[in-house]
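In: fold the following, please.
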Amino acid sequence: MDRSVKSAFELLRDLLEPAVDLPSRLQQLLPTMGTLHQLHGPVARLNPGLVSLLAGLRGLAQVIFINNPLSGLVLLFAFLVQSPWCALLALLGTAASHCTARLLCLPEGLRSEGIYGFNGALVGCAVANFAQFDRPLSSLIWAALVLLGGALTTLLLEGLGRGINRSLGLPPLTLPFILVTWGLLGLASLAPGAALALAEPVPMPELASTSQALTHGLLRSAGQVFLCANPWSGLLVLLATALASPLAAGLGLLGALVGMATGLLLDAPLDAIAQGLWGYNGLLVAIALGGIFYAPSWASLAVGLGGAALASLFQCGWSLTPAQGWPSLTLAFVLATWVIQLLVRRALPALLQVSLHATLTPEEHRQRFVLARTLLADFRQNLHLAISGQRRAFLAGRVLAQMRQQMSALFQRLDQDGNGDISAVELLEGLGIDPQQDGEGGVLAVQLAGVLQVMDLDGDGRVDVEEFGELMLRLQRLHLGEARLLNYLLPVDANGDDRLDPAELRRLLASVGVRPLNAEEESFLFSRSPDGLSWLQFVDQLLLT
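Out: Got it, this is the predicted structure:
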């Protein structure tokens, strides 16, 4: 792109980023946290075929909204603890889902993230739980049906799932798994008993107290997401979640507790609560709403735990229908998540939903939220000061002395005449650009002169070391958080015009708890762009206001 058409933020970033070497302020977290996308390159170079293995492991973990291959590997051990058949069939279901997606030439990015694998994995886990494997022929038939079911989940995800998303704006979640598993169980009920035998339900031990039921049920709730009743499997599922996102693990535990507590209020059997059957839907809802579809905050926590309680209500309602003897699987989770999302759109429009293409871990979503709140609060305050003629530097007191020293050293290097202030000409010459040359140099000098004029905070006609340092610190903070900020901003653009209008800005400010602009401030901000600001124009406002 020609520099002459770049925004002030892009211009300064391109010119000064190589000259500014500032240490990262990102926290040092667990090395296993996040999505571990950095593994993709080395694995592809080692053996391209192993990339599919990573995708398969991600698919296992996507059941609990975790896009992490290491978590998927731990989950595989959780299935082995439950039974070898559970591990084998989960792998078969995932492989069938992925292979079908590849045959249909579905987006490679989604395939590599495991999006087409988690429903197939759940089909395998369900068959391992419900089917009888005491005869070789029956076992082979069930394995073949898992392969067929895994393939069908991909077709349903692309067909029915995309239709639901287009018409209602809702994710299909585990609906393909539910429909396919019901179909397989229905087929088994029609087939001769020897061909597709179903296992007898395992009797649940009676417990003496409510506290015992809650203690046993909390651990098993995590395993029951994959239809694993073994408590050690549940512990490994929690470990797999915590390795990638401790916040997701915490949300899940809270959701399971709320789900079980709601079950107690509904007079659910203690043995069913102890088996985790009243907690796993709440666990999934709390993670989905509390940290995946919405950035973690007090509002999203309340929404997530409310959804966990609603899931138990749906589960209770299922027990009152004629289909009460049929497994509800994760239907209560799907319905509760959909209902809460629809309610939030109407009742809490300021609770912004995370863009589907930008969904990562709750920790990353929280970092986006905190960054947006900090930048918008500073912007709100500085806009008020700018209108009243009281503009000032505000970042100097928030940064380390070493960083301020770096800014001072850069300023002294660019201040060629040593008079204590810097001009656009000095800035360009210090960076090796001739401001007198025809074309680019002259245009850059004019642009930079305008930027420096805005950053003359005290209005004395010169940009001193403090004002220059303020500009650089703002630039550095925006540059480090640019991707996070834009990913947080994009869901505000309700009309999809890639611009921020006054109504959308009001919603944006409300989403982070910052009071709205008054009429004078809105007029000041949008006077030159009555149809709204482009995203880069808005970033310029955050930089220069």
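
In: for the stretch 301-450 of the chain, what spans make up the helices?
Out: Under the criterion DSSP state H, counting those that start in this stretch, helices of the stretch 301-450 of the chain are mapped to 331-347, 362-387, 401-414, 424-430, 440-454.

In: give me the nearest residue to residue 196, chain neighbours excluded.
Out: residue 188 (4.0 Å; C-beta to C-beta, 6 or more residues apart in numbering). Yep, even glycine has a C-beta here, placed from its N, CA and C like the rest.

In: would you turn the helices of the stretch 301-450 of the chain into TSV with mean neighbour count and mean pLDDT?
Out: Putting the helices of the stretch 301-450 of the chain into TSV (neighbours: other C-beta atoms under 10 Å; pLDDT from 0 to 100) gives the following:
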stretch	mean neighbour count	mean pLDDT
helix 331-347	19	95
helix 362-387	19	86
helix 401-414	15	72
helix 424-430	19	70
helix 440-454	17	68
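
In: closest one to residue 203 among the ones you listed?
Out: helix 331-347 (23.5 Å; C-beta to C-beta).

In: take the closest one, keep the C-alpha atoms, and write them as PDB.
Out: The C-alpha coordinates for helix 331-347 follow below in PDB (Å, rounded to 0.1, in the frame of the first residue of the first chain):
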ATOM      1  CA  LEU A 331     -29.500 -31.900  24.200                       C
ATOM      2  CA  ALA A 332     -30.000 -29.800  27.400                       C
ATOM      3  CA  PHE A 333     -26.600 -28.100  26.800                       C
ATOM      4  CA  VAL A 334     -27.500 -27.300  23.200                       C
ATOM      5  CA  LEU A 335     -31.000 -25.900  24.000                       C
ATOM      6  CA  ALA A 336     -29.800 -23.900  27.100                       C
ATOM      7  CA  THR A 337     -26.900 -22.400  25.100                       C
ATOM      8  CA  TRP A 338     -29.200 -21.400  22.200                       C
ATOM      9  CA  VAL A 339     -31.900 -19.900  24.500                       C
ATOM     10  CA  ILE A 340     -29.400 -17.900  26.500                       C
ATOM     11  CA  GLN A 341     -27.700 -16.500  23.300                       C
ATOM     12  CA  LEU A 342     -31.100 -15.400  21.900                       C
ATOM     13  CA  LEU A 343     -32.000 -13.800  25.200                       C
ATOM     14  CA  VAL A 344     -28.700 -12.000  25.500                       C
ATOM     15  CA  ARG A 345     -29.200 -10.400  22.100                       C
ATOM     16  CA  ARG A 346     -32.400  -8.900  23.200                       C
ATOM     17  CA  ALA A 347     -31.900  -8.100  26.900                       C
END
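
In: quick one: residues in contact with it.
Out: 168, 170-171, 173-175, 178, 280-281, 284-285, 288-289, 293-294, 303, 306-308, 310-312, 314-315, 318, 351, 353 (C-beta atoms under 8 Å, 6 or more residues apart in numbering).

In: try it again at 7 Å.
Out: 170, 173-175, 178, 281, 284-285, 288-289, 293, 303, 306-307, 310-311, 314-315, 318, 351 (C-beta atoms under 7 Å, 6 or more residues apart in numbering).

In: whichever of those end up buried, select them in PyMOL.
Out: Of these, the buried ones can be selected in PyMOL as follows, counting by 16 or more other C-beta atoms under 10 Å:
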select buried, resi 170+173+174+175+178+281+284+285+288+289+293+303+306+307+310+311+314+315+318+351
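
In: returning to that earlier point: which of the helices or strands spans the residue nearest to residue 196?
Out: helix 175-190 (DSSP states H and E).

In: and the angle from that helix to helix 331-347?
Out: Interaxial angle, helix 175-190 versus helix 331-347 (axes from the mean of the first three to the mean of the last three C-alpha atoms, to 10 degrees): 150 degrees.

In: residues of helix 175-190 that come out buried?
Out: For helix 175-190, by 16+ other C-beta under 10 Å, it's 175-182, 184-185, 188.

In: who are the neighbours in contact with residue 219?
Out: For residue 219, the contacting residues are 231, 234-235, by C-beta under 7 Å, 6+ apart.

In: mind checking how far residue 247 is from residue 304?
Out: Relative to residue 304, residue 247 is positioned 11 Å away (C-beta to C-beta, to the nearest Å).

In: which one's more surrounded, the two?
Out: Applying other C-beta atoms under 10 Å to residue 247 and residue 304 shows that residue 304 carries more neighbours, namely 28 against 21.

In: that one: what's its closest spatial neighbour, skipping adjacent residues?
Out: That would be residue 290: by C-beta to C-beta, 6+ apart, it lies 2.9 Å from residue 304.
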